[in-house]
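Engineer: attaching a predicted model along with its sequence, questions to come.
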Amino acid sequence: MTGLLNGKVAIITGVASGIGRAAAALFAREGAALVAADVMADEGEAVVKSIRDGGGKAAFVRCDIARAADVEAMVAAAVKAYGRIDCAFNNAGIIGQLARTAEETEENFDRVMLIDLKGPWLCMKYEILQMLRQGKGGAIVNTASAAGLVGSHGMPTYTAAKHGVVGLTRTAALEYARAGIRINAVCPGIVDTPMTQGIMAQHPRMAQATGIMPIGRNCRPEEIAEAAAWLCSDAASFVTGHAMAVDGGLTAH
Ligand SMILES: NC(=O)c1ccc[n+]([C@@H]2O[C@H](COP(=O)([O-])OP(=O)(O)OC[C@H]3O[C@@H](n4cnc5c(N)ncnc54)[C@H](O)[C@@H]3O)[C@@H](O)[C@H]2O)c1
């Protein structure tokens, strides 16, 4: 532990699994007090329990990031528990069904856009409003994707939503830079999480995708968490509006 986030109050979404779970553990180890949110209450509570058992500070909030009332309540819960928020890692998301553009269904399009684009926007909206009320700045990191930087075969809506997250990130960064609120995105390549495992089970050819990673392996969830923690920390004090590829070189071609 380096104490990178010592004394900070952090919100993390999507803590029940994958990148969010790794981030919750890392942020707590680095000294942050957490509000840990997810739609999956039992799994999220278990993550919070293990952090508390290890001596960390964490509270679980059930929150569907696609519902404004839930997101507003998540921010209010953090303020009630700790008095303020200093940083947020808006990470929750879904991949949806894989299909090429012409075979994409309207149902999948609407669901993926709702959770992957509207969700991070709602999180930013209520976090920024709270940070403005506090008047002391803050740091927000959104999880986009390598698919937010380049086209991605067979996931048109996910790719569009993640490009949208990068657009929302850059725009909000410009709007709130003078208020001291830094807003960045992480853009993971292929990360070994239940999301990826689910897709590979359905589409075995996707398992060969590891071969396209220049670094020669998939990412560990902890490697994305490290980038998010740094972007949330004061060590990144001059970094805002950045979409940081953490993708083993995938988008360097
Ligand atoms: N795994 C990858 O290869 C990869 C690559 C690039 C980007 N990402 C992004 O990283 C983020 C985390 O993905 P992961 O791989 O850890 O996936 P995951 O499926 O392991 O975890 C996602 C978490 O988000 C939660 N969630 C889903 N919808 C939600 C909602 N409406 N409200 C609140 N919580 C919700 C889930 O319950 C789950 O706990 C996502 O935004 C994903 O798009 C993942």
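Structural biologist: Ah, there it is.
Engineer: and the end-to-end length of stretch 28-35?
Structural biologist: 10 Å (Cα to Cα, to the nearest Å).
Engineer: tell me where the stretch 151-253 of the chain has strands.
Structural biologist: 181-188, 243-246 (DSSP state E, counting those that start in this stretch).
Engineer: how about the stretch 1-150 of the chain?
Structural biologist: 9-13, 33-38, 57-62, 87-90, 138-143.
Engineer: just checking, what packs against the second one?
Structural biologist: Packing contacts for strand 33-38, counted by 3 or more Cβ pairs under 8 Å, 6 or more residues apart in numbering; DSSP states H and E, involve strand 9-13, helix 18-29, helix 41-53, strand 57-62, helix 68-82. Just so you know, the C-beta spots here come from the backbone N, C-alpha and C atoms, and that holds for glycine as well.
Engineer: can you redo the strands of the stretch 1-150 of the chain as a markdown table with mean pLDDT?
Structural biologist: Shown next, in a markdown table, are the strands of the stretch 1-150 of the chain (pLDDT from 0 to 100):
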| stretch | mean pLDDT |
| --- | --- |
| strand 9-13 | 99 |
| strand 33-38 | 98 |
| strand 57-62 | 98 |
| strand 87-90 | 99 |
| strand 138-143 | 99 |
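Engineer: sorry, back to before: for the ligand, which of the strands of the stretch 151-253 of the chain is the nearest?
Structural biologist: The ligand sits nearest to strand 181-188 of all the strands of the stretch 151-253 of the chain, at 3.7 Å, using Cβ to the nearest ligand atom.
Engineer: how about low-confidence regions in the stretch 151-253 of the chain?
Structural biologist: 207, 209-210 (pLDDT under 70).
Engineer: rerun that using 50 as the cut-off
Structural biologist: Scanning the stretch 151-253 of the chain for pLDDT under 50 picks out no residues.
Engineer: now tabulate the strands of the stretch 1-150 of the chain in TSV and tack on mean neighbour count.
Structural biologist: Converted to TSV, those look like this (neighbours: other Cβ atoms under 10 Å):
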stretch	mean neighbour count
strand 9-13	28
strand 33-38	28
strand 57-62	21
strand 87-90	30
strand 138-143	27
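Engineer: which parts of the stretch 51-200 of the chain sit against the ligand?
Structural biologist: 63-66, 91-94, 115, 119, 143, 145, 188, 190-191, 193-196 (Cβ under 6 Å from any ligand atom).
Engineer: in PyMOL, how would I select the buried members of these?
Structural biologist: Buried residues among those (16 or more other Cβ atoms under 10 Å), as a PyMOL selection:
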select buried, resi 63+64+65+66+91+92+93+94+115+119+143+145+188+190+191+193+195+196
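Engineer: if we can go back for a sec, mean neighbour count, the helices and strands packed on strand 33-38: which tops it?
Structural biologist: Sort the helices and strands packed on strand 33-38 by mean neighbour count, taking mean count of other Cβ atoms under 10 Å, and strand 9-13 sits at the top with a mean of 28.
Engineer: same for it, what does it pack against?
Structural biologist: Contacts defined by 3+ Cβ pairs under 8 Å, 6+ apart place strand 9-13 against helix 18-29, strand 33-38, helix 68-82, strand 87-90, helix 119-134.
Engineer: distance check, the nearest residue to Cys123 once chain neighbours are set aside against Thr105.
Structural biologist: Using Cβ to Cβ, 6 or more residues apart in numbering and skipping the chain neighbours, the partner closest in space to Cys123 is Asn90 (4.1 Å). Asn90 sits 26 Å away from Thr105, going by Cβ to Cβ, to the nearest Å.
Engineer: likewise Ala92?
Structural biologist: In this view, Ala92 and Thr105 are 22 Å apart by Cβ to Cβ.
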